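Q: predicted structure and sequence below. I'll ask about it afterward.
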Amino acid sequence: MGKPRVNIRISTKLYAQLCEAADKPGVTKTAIVEDALRAWFDPEARSVLEERLLARMDAFDQHQADMEKDLAYTYATLSHFVYYWLTRTEPIPEGERDIAHALGQRRLEYFNEQVSSKMSAATEPAA
């Protein structure tokens, strides 16, 4: 005895997709529908994909948490350095503040130029 025949109605768009997929060599509409029904009725087949996706999402979450922890350590280190530097540096005498301010401004501009050139070099595509 052969397989039972089933008549169904599907949307025109879905039927067009089914016909397009069945145009490939070795693929039939029956095989596509049987695979879809098998996947629908077999929850274990669907759970394998879900488990793989959940594992990848868990790995992504762990990586994100590690990055956030490293960033928190970096911020804490920087804040301790600034606090230490501010508490250990003697105040500049009144007569030397303008000179110190000009020197600080030049150093900041130089620092910004260096950071900018490093960032632009890092973002330029390789030739």
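A: In hand now; what should we look at? Note that the structure is predicted; figures quoted are calculated from it, not measured. Residues are numbered from 1 along each chain as shown.

Q: give me the secondary structure label for V6.
A: Under DSSP: H, G, I helix; E, B strand; the rest coil, the three-state class of V6 is coil.

Q: please begin residue numbering at 425 from this point
A: Sounds good: first residue 425 from here, last item V430.

Q: which element follows the lowest-mean-pLDDT helix or strand in the chain toward the C-terminus?
A: Here the helix or strand of the chain ranked lowest by mean pLDDT, DSSP states H and E is helix 453-465, holding a mean of 87. Using DSSP states H and E, the helix or strand that follows helix 453-465 towards the C-terminus is helix 467-512.

Q: that next one to helix 453-465, inter-axis angle?
A: 60 degrees (axes from the mean of the first three to the mean of the last three C-alpha atoms, to 10 degrees).

Q: where does this protein dip in pLDDT?
A: 425, 469-470, 550-551 (pLDDT under 70).

Q: before we move on, back to that, who are the packing partners of the least confident helix or strand of the chain?
A: Packing partners of helix 453-465 (3 or more C-beta pairs under 8 Å, 6 or more residues apart in numbering; DSSP states H and E): helix 436-446, helix 467-512. Heads up, the C-betas are built off the backbone N, CA and C, glycines and all.

Q: just put those helices in CSV and tack on distance to A455 and mean neighbour count.
A: Formatted as CSV, the helices and strands packed on helix 453-465 follow (distance: least, C-beta to C-beta, whole Å; neighbours: other C-beta atoms under 10 Å):
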stretch, distance to A455, mean neighbour count
helix 436-446, 8, 11
helix 467-512, 16, 10
